[in-house]
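K.L.:
give me a 3D structure for the following:
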Amino acid sequence: MSEQAADLRETVRERYAAAATTITGGGVAEDCCGPEPVEIDDNFGAGLYADTDRDQLPAEAVAASLGCGNPTAVAELRAGERVLDLGSGGGIDVLLSARRVGPTGKAYGLDMTDEMLALALANTAKAGATNVEFLKGTIEAIPLPAGTIDVVISNCVINLSVDKPAVFAETFRVLAPGGRIGVSDVVAEDDLTPGQRGERGSYVGCIAGALSFAEYRRQLEAAGFTGIEITPTHQVADGMHSAIVRATKPTVGS
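P.N.:
Sure, this is the predicted structure:
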């Protein structure tokens, strides 16, 4: 990893460590991609979840929602499935996934930030969830065996990675044949250069590091995914969109 990439990763880690500390201290975290507190922002954070979802979780899990979508909804989770949330933060998507897959399923959360992992574990205890496990690590090197996950979700985190091809390759590796992804992420219009993306927002603010629609598709295809769908949902900056990304790992022989 280059020195610049390492510095970017550390900046991201520090930003989310500070967010977790704010929440555990009784404050309100700022969301990833916008300036408004997560409780009231209609475009980011907790505002993208239904009241019925928010009401069944600890307040700290809701307050720690820093994403740009609701991946548990787009992934269409089913009972008994094994789910992995990349960049799980305070655990809102893991806890919602655990409810959806039920006692015969399992929800994993992966995060590199100690403070967020501690917050997620505390939220899990408050929620009384037993089919949940949180792992420390990076999304570029997922600490799970190959072929052990049915669904990978992520909420506005892949754009923060300093090595997105590694994220897609690792995601493909841990999925079982026929497994799928249901991701919310920020994606740029194809005519925006990396420099122009940087003019619209910072890397840690989920803007400068976003892939374009074409880049996202190419990198998923290069990793082996098929059935790729990238659907914009709302604009987060000029030429930048929150999008739902779906794709499938082919079954053996397909």
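K.L.:
for Ser184, helix, strand, or coil?
P.N.:
strand (DSSP: H, G, I helix; E, B strand; the rest coil).
K.L.:
these two touch, right, it and Ser242?
P.N.:
Yes: here Ser184 reaches Ser242: they are 6.5 Å apart, a contact under CB atoms under 8 Å. C-beta coordinates here come from the backbone N, C-alpha and C atoms, glycine included.
K.L.:
so which residues of the stretch 51-200 of the chain form strands?
P.N.:
82-86, 106-111, 132-136, 149-155, 175-188 (DSSP state E, counting those that start in this stretch).
K.L.:
adding distance to Gln196, mean neighbour count and mean pLDDT, write those out as CSV.
P.N.:
Shown next, in CSV, are these (distance: least, CB to CB, whole Å; neighbours: other CB atoms under 10 Å; pLDDT from 0 to 100):
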stretch, distance to Gln196, mean neighbour count, mean pLDDT
strand 82-86, 26, 27, 97
strand 106-111, 30, 27, 96
strand 132-136, 35, 17, 97
strand 149-155, 24, 27, 95
strand 175-188, 8, 23, 95
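K.L.:
for those, give me a markdown table that also has distance to Asp163.
P.N.:
Listed next are the strands of the stretch 51-200 of the chain as a markdown table, based on distance: least, CB to CB, whole Å:
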| stretch | distance to Asp163 |
| --- | --- |
| strand 82-86 | 13 |
| strand 106-111 | 15 |
| strand 132-136 | 18 |
| strand 149-155 | 15 |
| strand 175-188 | 15 |
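K.L.:
between those, which gets nearest to Gly198?
P.N.:
strand 175-188 (10.5 Å; CB to CB).
K.L.:
if I look at Val187, how far off is Arg217?
P.N.:
10 Å (CB to CB, to the nearest Å).
K.L.:
joint contacts of those two?
P.N.:
Residues touching both Val187 and Arg217 by CB atoms under 8 Å, 6 or more residues apart in numbering: Ile230.
K.L.:
the closest residue to His241 other than its chain neighbours: what's it in contact with?
P.N.:
What sits nearest to His241 in space, not counting adjacent residues and going by CB to CB, 6 or more residues apart in numbering, is Pro232, at 3.9 Å. Each residue near Pro232 by CB under 8 Å, 6+ apart is listed here: Val187, His241, Ser242, Ala243.
K.L.:
just name the closest of those to Leu175, please.
P.N.:
For the contacts of Pro232, the nearest to Leu175 is Ala243 (20.1 Å; CB to CB).
K.L.:
please, which helix or strand holds the closest one?
P.N.:
strand 240-248 (DSSP states H and E).
K.L.:
now Tyr216
P.N.:
Going by DSSP H and E, Tyr216 is part of helix 213-223.
K.L.:
which positions within the helix or strand following that helix qualify as buried?
P.N.:
Going down the chain from helix 213-223, the next helix or strand is strand 226-237, by DSSP H and E. Neighbour-count burial for strand 226-237 flags Ile230, Thr233, Val236, Ala237 (criterion: 16 or more other CB atoms under 10 Å).
K.L.:
between the strands of the stretch 51-200 of the chain, which one is nearest to Ala125?
P.N.:
strand 132-136 (9.9 Å).
K.L.:
and that closest one, what does it pack against?
P.N.:
helix 92-101, strand 106-111, helix 114-127 (3 or more CB pairs under 8 Å, 6 or more residues apart in numbering; DSSP states H and E).
K.L.:
tell me which of these lies nearest to Leu135.
P.N.:
strand 106-111 (4.9 Å).
K.L.:
packing partners of the closest one?
P.N.:
strand 82-86, helix 92-101, helix 114-127, strand 132-136.
K.L.:
make CSV from the ones you listed and add distance to Val162 to it.
P.N.:
Below are the helices and strands packed on strand 106-111 laid out as CSV (distance: least, CB to CB, whole Å):
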stretch, distance to Val162
strand 82-86, 14
helix 92-101, 22
helix 114-127, 18
strand 132-136, 18
